[in-house]
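> Model the structure of this input:
(2 chains)
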Amino acid sequence: MSGLLGQINPGLLLILVGFAGCLIPVQRVRQALMVATPVVAILMLAMADRGTDLATASVIGLDLVLYKVDSLSFIFGLAFLIASLLNAIYALHTDDRLQDGMALAYAGAAVAATFAGDLMTLFIFWEITAVSSVFLILRAGTKAAYQAAMRYLGVQIFSGVLLLDGLAYVYKSTGSLSLEAFTSFDQPGAKLIFAAFAIKAAFPFLHNWLQDAYPKATVVGAVVLSAFTTKLAVYAFARMFPGFEMLIWIGAVMTVFPVFFAVIENDLRKVLSYSLNNQLGFMICAIGIGTPLAINGAAAHAFAHIIYKGLLFMSMGAVLYRVGTAKASELGGLYKSMPWTTIFCIIGAVSISAFPLFSGFVAKAMTMSAVAKEGYIIVWLMLLFASAGVLEHSGIKIPYFTFFGHDSGKRVKEAPFNMLLAMGMAAFICIAIGLPTIGGFGYGWLYNMLPCTVTAPADVCLASGKEIKPYAPYTVDHVLTQLQLLMFAVLAFILLKRFGLYPPEKPGTILDTDWLLRKPGYGMVMWAGTVWGKAGPALTAFFGRIGSRTFEKIETTFSPRGALARGPLTLGMAMWSAVLLGVVMLVVLLAS
Amino acid sequence: MNLPPERDASGRFVKPEQDLPQPNDDDMHPMSRVLFGWVSAPRTPMILLVLTVVIALGLVLVDFAVNRHEYLDFANANGFYALWGFAAFALAVLSGWPLGKLLRRDEDYYGEADTTPQDVEHDS
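Numbers count the residues shown, from 1 in each chain, chains lettered A, B, ... in the order given. Got it, this is the predicted structure:
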């Protein structure tokens, strides 16, 4: 059954309502819309047909596919819609028109981009995500947030420009803008589009916009931001670059390096941003493997990750909202005043650490198996290291230093009810999709939605030529090995803590690659500005002086009062030259 | 040598210990007592350590009983995951010492020490 509603891209609805929401002054009316719209959008998505172009348009000779659903885009789009519903509930305690509206429009742009059937449509919504999301940082209202927002916007727009550039090459060489997977970097536009996606997916050395901007966003803003931009980039990679070997190594590096930054970082929302980077690495690595099992792993990981990462950002947001800081050095002992937030945070933490019975376990197991199956030993060891690293920063550091650890003596109120409700719903999903399947409840629900199922595989699953087989996460091997890894890591934590070897949480700024831009880069620009400020006027004066002197010389020679114009002979000469020129012109005219 | 009690050995004034605000458990959330009352018990850390050691060693023992079939041969070794998990975690944490020295700067290094967003509660 697919009526009219099944043919409208649900993202468009979110964008429209979002922009309109910025104009609705009555808090309750606006927020009712913000909560209802994602629900309607999920219903619309459920009604949509798979695998056909549902909405097309033709603009200046370009055939645009505005709405196309297949099994790959479905799971990403659904995750985005669920996240936008949770975010809307999480934001109910605030009365901020711009933030409410832009959060929904941003989610809508991500959904619309996911269901785009061609590169131009993808580009348009790609840019809307950048422009709408920047308000979530700006609304924090601090000078730091303003500056970070400007850097963020610059980076995001640059990614869009690269994408536009790349799609122009693709259009010129193939005459079509359809979203087809590249097969090699030699294809026109492939490198540019790869770079555009790489920026948004926060690849190593391009990652720092994320850790710069997200921790400076508003309490609600950071939760919203964590869900969409990066996972849209992951989707875009899965769509256009599956099986590119380079992604395997980039992904592996991406899982490992944030672990070290997360250990020493004090701002817990920044720790979560590094952790986000590390999680993206698993997905990128899986996309690089490109087999059906790996693509399933990436999609399942993205789905589970959007929920549990949102949950973790929500719990840190609740702490920030009540205590006024999210710095580990100033927190501790909050379980005494925020027991529900503590519980939900712990559920998020064990989910991201991939403990059996939680969503991270059923998602990550596929990626790990796919990497091992293809024989990438070093990559597999790196991912295994990163799995222990995730447990360190997201599984232990976040809940331990906030809610337990040294009692900071801070006694606050429990988080507002709407925050608890959103966290509770997210926590429910984390458990519901992680349990073994019992009577239709459990990981089976998630696995049935995966892109590479036998019944309706997405195009990208067939490209690798590998057989699509159902996957069973709850084998004795998996549960045993994962528990061994995690329990020994926990043991390491307890021992290190006991012997005083765990580095204390200290306030400070941790240098990362943004240092290059913000210190030497900024210094260079300032230096160039000073030099130009002095050299510019000097150069202007210099050329001005040359100009005026030349003019004076010419004037004294050739002007009516000049040297050449003196005396009757020169006057007659001028007259006769004019006559002669006139005759020559006449001859030329007559001769032609 | 008779020093006044509020001075330390080098004669500097120090704040008497008893004046520091002591964490107060009177206004604890009622739900916290139910869910996490055990956390502050004096024997809890020891019990947690023993429990973790028992579970961890138990998992290695079970490994000897189970014949695993991994794609990568070396991962079949008994206790491989245990060793790797312990080593990886220890490496990540211990690297925090030198890395912190190397990369940590003042909070106001970029001139943006205040990052508290305006939508936090105002009475905090």
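> Need the three-state assignment for B:Val42.
No Val there; residue B:42 is Pro. Each residue gets one of three states, and B:Pro42 gets coil by DSSP: H, G, I helix; E, B strand; the rest coil.
> tally of neighbours for it?
Neighbour count of B:Pro42, defined by other Cβ atoms under 10 Å in any protein chain shown: 6. Backbone N, C-alpha and C define where each C-beta goes, glycine included.
> before we move on, what about the one 4 residues further on?
The number of residues packed near B:Met46 is 10, by other Cβ under 10 Å.
> Please identify which helix or strand holds it.
helix B:44-65 (DSSP states H and E).
> Any regions of chain A where pLDDT drops low?
Applying pLDDT under 70 to chain A flags the ranges A:1-3, A:440, A:565, A:567-571.
> How are the strands of it distributed by residue range?
Here chain A has its strands, by DSSP state E, at A:53-59, A:62-68, A:509-510.
> got it, and chain B?
For chain B, the strands defined by DSSP E occupy B:104-105.
> Any idea which residue is closest to the centre of it?
Centroid-nearest residue in chain B, with Cα atoms, centre = their mean: B:Val93, separated by 10.7 Å.
> Settle this for me: it is touching A:Leu496, isn't it.
Yes - contact status for B:Val93 versus A:Leu496: in contact at 5.5 Å, counting by Cβ atoms under 8 Å.
> on that earlier part again, C-alpha coordinates for the helix holding B:Met46, PDB please?
Extracted C-alpha coordinates of helix B:44-65, given in PDB (Å, rounded to 0.1, in the frame of the first residue of the first chain):
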ATOM      1  CA  THR B  44      32.600  -2.800  48.100                       C
ATOM      2  CA  PRO B  45      35.900  -2.100  46.300                       C
ATOM      3  CA  MET B  46      37.400  -5.400  47.600                       C
ATOM      4  CA  ILE B  47      34.300  -7.400  46.700                       C
ATOM      5  CA  LEU B  48      34.300  -5.900  43.200                       C
ATOM      6  CA  LEU B  49      38.000  -6.800  42.700                       C
ATOM      7  CA  VAL B  50      37.600 -10.300  43.900                       C
ATOM      8  CA  LEU B  51      34.400 -10.700  41.800                       C
ATOM      9  CA  THR B  52      36.200  -9.400  38.700                       C
ATOM     10  CA  VAL B  53      39.200 -11.700  39.200                       C
ATOM     11  CA  VAL B  54      36.900 -14.700  39.700                       C
ATOM     12  CA  ILE B  55      34.800 -14.000  36.600                       C
ATOM     13  CA  ALA B  56      37.900 -13.200  34.500                       C
ATOM     14  CA  LEU B  57      39.800 -16.400  35.500                       C
ATOM     15  CA  GLY B  58      36.600 -18.400  35.200                       C
ATOM     16  CA  LEU B  59      36.300 -17.200  31.600                       C
ATOM     17  CA  VAL B  60      39.800 -18.400  30.800                       C
ATOM     18  CA  LEU B  61      39.100 -21.800  32.400                       C
ATOM     19  CA  VAL B  62      35.900 -22.100  30.300                       C
ATOM     20  CA  ASP B  63      38.100 -21.300  27.300                       C
ATOM     21  CA  PHE B  64      40.100 -24.500  27.900                       C
ATOM     22  CA  ALA B  65      36.900 -26.500  27.800                       C
END
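> if you average pLDDT over it, what comes out?
When pLDDT is averaged along helix B:44-65, the result is 94.
> Same check on stretch B:73-88?
Average pLDDT, stretch B:73-88: 92.
> hmm, back to that, mind listing the shared neighbours of B:Val93 and A:Leu496?
A:Tyr502 (Cβ atoms under 8 Å, 6 or more residues apart in numbering or on different chains).
> Now A:Ala563: closest residue in space that isn't a chain neighbour?
Distance criterion Cβ to Cβ, 6 or more residues apart in numbering or on different chains; nearest residue to A:Ala563, sequence neighbours excluded, is A:Thr557 at 5.3 Å.
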